[in-house]
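*Asks:* What follows is a predicted structure for the sequence shown.
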Amino acid sequence: MKQKFKIVLSVVVLIAIMVLIVISLPEAEDHFERKLLYEINYFDEKDPGSKYNISIYNDNIEILEYKLCDSCENDEPVKYSLKYSNNHLEQVEKFVKEELEMSEQEVKTIYKKNLNDYQNAVLLSLVQGEEYFDISVQKYDYKIVYTADDDLEYFIFVNDNQIMVKKVNYNTDFEIIKNSSYEVDFKDDNIKMIMDYVIQESKIQDKKEIYKTASLYKNEKNIILSLINNDESYLEEKPVNLLYQISFSGVNCLTPILRLYDDNTYEYYYTYSTVAKEIEPKVGIYDYSLENIIDNLNKYETEDIGPMYIITDYNNKEYTTPASNKELNKLLTELNIDLTTCLIVQA
């Protein structure tokens, strides 16, 4: 009898607790206070430009977009609201406090010219939505943007030997439909190989942002593939190093590029594509002393103006030599390659 009484009492207590929880839920919701944290008036200074009134609340972000042009003077602003997760709202607050140096409840007018590239990119992404903000807010020492296709991009963030990859899928309107990320955890030797490549590319492009398309050169292909597939087995193959890249300046169009590697292979890029499509070069083997070309450069005088070949070595050192260079023309003849023509559209 006592046992039965205990069971009944336990059930009654449990029901009472559940009723109290249900009753308290609306009351808890009523206690949530929606609060305006920051207000930013951002001028993007484009031509024509826009002014964004960005109101950052503790539960979402509201935007008023004003078009700035003579004919837009009386146009009503576009108003929209963006829902951000709690995690991203925390990141928004951190960005506003640290990068824009704003305090809570402050209203601030900001012009693009007064911000650095990172700050502008994050502010613009803020008015585009959470997925765009998630990509732009990521800090980096170096960044690789690899466009694999019209609807697929990889953002590779490199910080002090730490690598994060964000894989982004787009629809036909270039709106993000999926955004996933992962950390790269490779062996130390492979991380060093990637870092050496990133630093060298940054020097060549003279910036921290490195842009690549599906047309990858032989010496970088396995590095990029290892990152986008998160698979370091691509790096087990013996690396191939670029020795020289040769192009021609003297015609009013984009001209082909010849790349010569240390395994005696070459790539001849003579086409271009109007879409994000891999360019397929002519490939082959060369049997010619490249030192013979470099050692004989001094016997040719290069005019400041006129057709010339441009030779760039693996250290990004540039040489110029006239179109009459016999040693270089002999190599091109043996390979049946013409650098003095215009690029053609890839079929």
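*Replies:* Everything's here; your move.
*Asks:* Now do the buried residues in stretch 319-328.
*Replies:* For stretch 319-328, burial by neighbour count (16 or more other C-beta atoms under 10 Å) applies to 319, 321, 323, 325, 327, 328. C-beta coordinates here come from the backbone N, C-alpha and C atoms, glycine included.
*Asks:* Not counting its neighbours along the chain, what's nearest the fourth one?
*Replies:* Taking C-beta to C-beta, 6 or more residues apart in numbering, and ignoring the residues beside it in sequence, residue 325 has residue 300 as its nearest neighbour in space, at 5.6 Å.
*Asks:* Tell me the confidence at the one you found?
*Replies:* The model reports residue 300 with a pLDDT of 82.
*Asks:* sorry, back to before: which of the buried residues of stretch 319-328 sit farthest apart?
*Replies:* Spanning the widest gap among the buried residues of stretch 319-328 are 319 and 323, at 14.0 Å by C-beta to C-beta.
*Asks:* out of the buried residues of stretch 319-328, which one sits closest to residue 260?
*Replies:* The shortest gap between residue 260 and any of those belongs to residue 328, at 11.3 Å (C-beta to C-beta).
*Asks:* element containing the closest one?
*Replies:* Using DSSP states H and E, residue 328 falls within helix 326-335.
*Asks:* Repeat that for residue 178.
*Replies:* In this structure, residue 178 is located in strand 176-184 according to DSSP H and E.
*Asks:* Residue 157 now?
*Replies:* Per DSSP H and E, residue 157 falls inside strand 152-159.
*Asks:* Please save the CA atoms from the helix holding residue 328 in PDB.
*Replies:* What follows is helix 326-335, C-alpha atoms only, in PDB (Å, rounded to 0.1, in the frame of the first residue of the first chain):
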ATOM      1  CA  LYS A 326      68.400  32.700 -81.400                       C
ATOM      2  CA  GLU A 327      68.700  30.300 -78.400                       C
ATOM      3  CA  LEU A 328      65.200  30.900 -77.200                       C
ATOM      4  CA  ASN A 329      63.700  30.700 -80.700                       C
ATOM      5  CA  LYS A 330      65.500  27.400 -81.200                       C
ATOM      6  CA  LEU A 331      63.800  25.900 -78.200                       C
ATOM      7  CA  LEU A 332      60.400  27.200 -79.400                       C
ATOM      8  CA  THR A 333      61.000  25.800 -82.800                       C
ATOM      9  CA  GLU A 334      61.900  22.400 -81.400                       C
ATOM     10  CA  LEU A 335      58.700  22.300 -79.400                       C
END
